[in-house]
Every structure is written in C-alpha cells, then in structure tokens.
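>>> Sequence and predicted structure, then a few things I'm wondering about:
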Amino acid sequence: MPLVKNEVYKKVLATKEIDLIKPKELKKWFDKIPTTKKPRKATNEHCKVLLIMLYYTGARPGEIVDLKPEDIKLIVLPKTEDSPSVRAYQITFKTLKKGKELRNWLLPKNYLTSYCFAQIKRQHPLQFYFYAFQSKRGAAKNLVKWVNRKTIYVREDGKLYKEELIENKERLYFKKGNLINKYITSLTGLPPYFFRHHRATWMFDKGASIKEIADWKGGKVENVVTYIATTSARKKKQLKYF
C-alpha cells in the first residue's frame, strides 16, 4: 500500500474511527467543482458522477471512469414474504484486480444514483474526458491502459488485452490514477481509498452483517473486516452495556 499522507485518512487507519458523511453533504463538494481545477475536458457533470459513484461504492476511480452505459441496469428485485419489491441499479465493474474481471454491485435508486445513470447514458465514455486514465502516448478516446504488477492491461473499444511488462520504466506511462486521485483529494480533502472504508462502515452501522458486505463488495469476509471502522454513534451505543 502506498504511503498515506492525508491526515484524515491516516487518523482513520490509526484509530479505526471514522466520521460518516451523509448524502446531502455531497452538495458542498458539488459547489466546489466549478472553482477547483478539473481534469482536462471534464465537465461539472462528469465530476459529480465521479464523486457520487465514489461515495456510494468506494470503487477505484479507474473502475468508475471505465463504466459504459451497458454496465448500469435498472432492475426490480421481486416481492417476497417479508419485503416489498425494490428497484435498484446493478453496476458491473470491470477489473482484473485479484483475478476477478467482473463484479456486480447493487445501488439504491435515488435522485443521486439516477443522476449518474442518466449522465453515463448520455456522456459515455467518461474516460475520454478524464485524461488521467488515458495513455500518455496520445491514445484514442476508447483506449485505456494500466499496470497490475508485471502485466500491462489494455482496454480498447470494449475489448480487453494484456501483455507482459518488459521494462520497469514503462510503469511511468501507465500511472493512470495519480492525477485523478489528486483531483479528488483537492476537491473533498479525502483520498479515494477513504470512501471504501466509509461505505463498508456505513453499511455495517445500518445493520448489514460482515458476510452481507462481503457479498455486496464481491470480496472475502476477512478482507472486508479491515474496512469497517468505529463511528461516534456506535461508541455511544456501547455505553449501554456498562
């Protein structure tokens, strides 16, 4: 894991405590978008999509920007004996991290997620506007490259290729996350990885079991535990046991 420099995130890692951010508080970041230097060609709408999806999923920025219209579907979860039918968005993230190419996540249908759905349908591909996720060798708008250990992955026109990394110096051309990570941190004061801890903790505080969070995230139970921190509300509840 890279060296953590952000003081808020360092505190979360050190104390295992986190302050939860309510959805309505996203507005203060939306208001800052016009006055914060954006990635080249990105509009205010693109930046809002990035922030909303990051807030609700805690996914890697590269996975969010790589979303296509067909990767988001409005589905209906049928009615059961103990719950009514529910409409939700199914998000398919593509990643080769840890050997998994596809992950299906469910998000609630609300005004924020519906906004993302509409924008991605209308302004695809987002990666064209976020130049930090393109090759620095002047790639076409549908070409994205990134490095995972000793392999270079290339997604071009929806097709996935991979090739061996021959020289370490080639890594310099494929650090797609650095610029966009800096933008998110400058806008919110928080690094992207913070939001993974935030989402797992939020779900746990709402009553989700660790197994349910792991199933939602598509990971192992033992890995999810590390993302769950303590909140002030949960600390107050602990006092009733004394």
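Perfect, I can see it now.

>>> excluding its backbone neighbours, what's nearest Lys48?
In this structure, Lys48 finds its nearest non-sequential neighbour in Phe30, 5.8 Å apart by C-beta to C-beta, 6 or more residues apart in numbering. C-beta coordinates here come from the backbone N, C-alpha and C atoms, glycine included.

>>> So that neighbour sits against Leu51, correct?
Yes: with contact defined as C-beta atoms under 8 Å, Phe30 counts as touching Leu51 (7.3 Å).

>>> if you count what's nearby, which of the two comes out ahead?
Taking other C-beta atoms under 10 Å, Phe30 and Leu51 do not tie; Leu51 has more neighbours (21 against 14).

>>> Does the more buried one touch Leu187 like I think?
Yes: if you go by C-beta under 8 Å, Leu51 and Leu187 touch, sitting 7.4 Å apart.

>>> Now stretch 27-40: average pLDDT?
In this model, stretch 27-40 has a mean pLDDT of 88.

>>> Flag every buried residue along that stretch.
Buried residues in stretch 27-40, counted by 16 or more other C-beta atoms under 10 Å: 29, 33, 38-39.

>>> so which strand or helix has the closest residue to Lys32 other than its chain neighbours?
The spatial neighbour of Lys32 that comes closest, neighbours along the chain excluded (C-beta to C-beta, 6+ apart), is Leu187 at 5.8 Å. Per DSSP states H and E, Leu187 falls inside helix 177-188.

>>> Which strands or helices does that helix pack on?
Helix 177-188 sits against helix 27-32, helix 44-57, helix 61-65, with contacts defined as 3 or more C-beta pairs under 8 Å, 6 or more residues apart in numbering; DSSP states H and E.

>>> Quick one: closest of these to Asn181.
Of all the helices and strands packed on helix 177-188, it is helix 61-65 that lies closest to Asn181, at 6.6 Å by C-beta to C-beta.

>>> what's the domain layout of this structure?
Structural domains assigned to the chain are 7-72+115-134+177-241, 136-175, following automatic domain parsing.

>>> Now render those domains as a markdown table, adding distance to Ser83.
Shown next, in a markdown table, are the domains of the chain (distance: least, C-beta to C-beta, whole Å):
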| stretch | distance to Ser83 |
| --- | --- |
| domain 7-72+115-134+177-241 | 14 |
| domain 136-175 | 36 |
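
>>> among these, which gets the worst mean confidence?
Note on the domains of the chain: lowest mean pLDDT is at domain 136-175, with a mean of 51.

>>> could you redo the helices and strands packed on helix 177-188 as a markdown table and give each row distance to Cys116?
Formatted as a markdown table, the helices and strands packed on helix 177-188 follow (distance: least, C-beta to C-beta, whole Å):
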| stretch | distance to Cys116 |
| --- | --- |
| helix 27-32 | 13 |
| helix 44-57 | 5 |
| helix 61-65 | 9 |
